[in-house]
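Engineer: predicted model follows, preceded by the sequence.
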Amino acid sequence: MLAELIGAGLRMTGWEVRQAGDGPSALDAAREFRPDVLVLDIMMPGFDGVELLSRIRRFAPGVPCLFLTAKESVDDRIRGLAAGADDYVTKPFSMEEVIIRLHRLVQRSGVAAMDEDELVVGDLVMHQGSREVTRDGEEVQLTATQFELLRYLMENPRRVVSKAQILDNVWNYDFGGQANIVELYISYLRKKIDAGREPMIHTVRGVGYVIKPVS
C-alpha cells in the first residue's frame with residue numbers, strides 16, 4: 001500500500017515510476033529500467049534495502065538513493081548512510097517532503113536535466129546547472145555547502161525557515177547539538193551576498209532565517 005501511495009504521488013508530479021515489493025524483483029526492475037533515483041525501504045522480503053542498494057550500485061554506481069523506513073534510530077541512520085544512501089526519511093512522512101528530497105537528489109547527481117535551472121530573488125540570480133551565482137550582475141564565489149544553503153533559502157523566498165529545517169534539507173541529517181553550524185554558514189553567506197550592499201538575508205529572532213528582495 002505504501003509503495004502504491006508513493007508511486008501514485010510521484011506519477012502525479014510527472015515522474016516515471018517502477019515499483020517492486022521485494023529485493024530480487026526490485027533488482028530486476030532496476031536492471032531493466034535504469035532509474036535516475038531510488039526510493040528503498042530497509043526492511044524488504046528477499047533481501048533488505050541495504051543489500052539491494054549494494055547490488056544495484058554494482059551496475060549503476062552513480063544512482064542516488066533515498067531510504068524511506070520506519071527504522072529511525074541513530075544507528076539505523078548511520079548504517080543506511082554508510083551503505084551509500086544519499087538521504088534518509090523516516091515514517092510517518094509527507095509526500096511533499098519526499099518529492100522535494102528526490103528532486104534535490106536528482107539535481108545534485110546530474111543524472112537528469114531539471115526544468116527549472118534558474119532561481120531569482122531580487123537582483124540575486126542562481127544558475128543551478130552551472131552553479132553560478134550573481135548579485136546585481138557581479139559573480140559570487142561559493143563553496144559547495146554555501147551554494148546548497150543559498151539554494152534552499154532561494155527556493156523559499158520570503159518564507160522564514162528554521163535551523164532544524166535548514167539542517168534537514170541542506171545537510172540531510174540531524175546535527176544534534178551542532179545547530180550553530182547554521183549560524184556559521186549564514187554568516188559566511190552574508191559576507192559574500194550582503195557585504196557592502198543592502199542585506200537580503202535576515203534573522204527572525206527565535207524562529208530562523210529568511211531571504212527576500214531588497215525593497
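Structural biologist: Good, I have the coordinates.

Engineer: residue contacts, residue 134?
Structural biologist: Counting by CB atoms under 8 Å, 6 or more residues apart in numbering, residue 134 touches 124, 125, 140. From N, CA and C alone the C-beta is placed, and that goes for glycine too.

Engineer: A strand includes it, no?
Structural biologist: Yes. Using DSSP: H, G, I helix; E, B strand; the rest coil, the assignment for residue 134 is a strand.

Engineer: which residues of the chain fall in helices?
Structural biologist: Ranges of helices in the chain, per DSSP state H, are 2-12, 23-33, 49-59, 74-82, 95-109, 144-155, 163-166, 180-193.

Engineer: what's the second one packed up against?
Structural biologist: Going back to what we said before, that points to helix 23-33. Here helix 23-33 touches helix 49-59, going by 3 or more CB pairs under 8 Å, 6 or more residues apart in numbering; DSSP states H and E.

Engineer: hmm, residue 50 is touching residue 83, no?
Structural biologist: Yes. If you go by CB atoms under 8 Å, residue 50 and residue 83 touch, sitting 4.5 Å apart.

Engineer: so which of the contacts of residue 134 wins on neighbours?
Structural biologist: When neighbours are taken as other CB atoms under 10 Å, the top entry among the contacts of residue 134 is residue 124 (24 neighbours).

Engineer: now that one. Nearest residue, chain neighbours left out?
Structural biologist: Residue nearest to residue 124 in three dimensions, not counting chain neighbours: residue 135, with 4.9 Å by CB to CB, 6 or more residues apart in numbering.

Engineer: do you know which of the helices of the chain lies nearest residue 206?
Structural biologist: Nearest to residue 206, of all the helices of the chain, is helix 163-166, at 10.8 Å by CB to CB.

Engineer: buried ones in that closest one, by neighbour count?
Structural biologist: Using 16 or more other CB atoms under 10 Å as the test for burial, helix 163-166 gives 163, 165, 166.

Engineer: any idea how far it is from the chain center?
Structural biologist: When distances are taken as CA atoms, centre = their mean, to the nearest Å, helix 163-166 is centred 13 Å away from the chain's centroid.

Engineer: by contact count, what packs against it?
Structural biologist: With contacts taken as 3+ CB pairs under 8 Å, 6+ apart, helix 163-166 sits against helix 180-193, strand 208-211.

Engineer: other SSEs contacting the longest one?
Structural biologist: Translated: helix 180-193. Against helix 180-193 (3+ CB pairs under 8 Å, 6+ apart) you get helix 144-155, helix 163-166, strand 201-204.

Engineer: make JSON lines from the ones you listed and add distance to residue 96 and mean pLDDT to it.
Structural biologist: Below are the helices and strands packed on helix 180-193 laid out as JSON lines (distance: least, CB to CB, whole Å; pLDDT from 0 to 100):
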{"stretch": "helix 144-155", "distance to residue 96": "13", "mean pLDDT": "91"}
{"stretch": "helix 163-166", "distance to residue 96": "13", "mean pLDDT": "88"}
{"stretch": "strand 201-204", "distance to residue 96": "23", "mean pLDDT": "95"}
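
Engineer: and these: which comes nearest residue 100?
Structural biologist: For the helices and strands packed on helix 180-193, proximity to residue 100 was assessed by CB to CB; helix 144-155 is nearest, at 8.5 Å.
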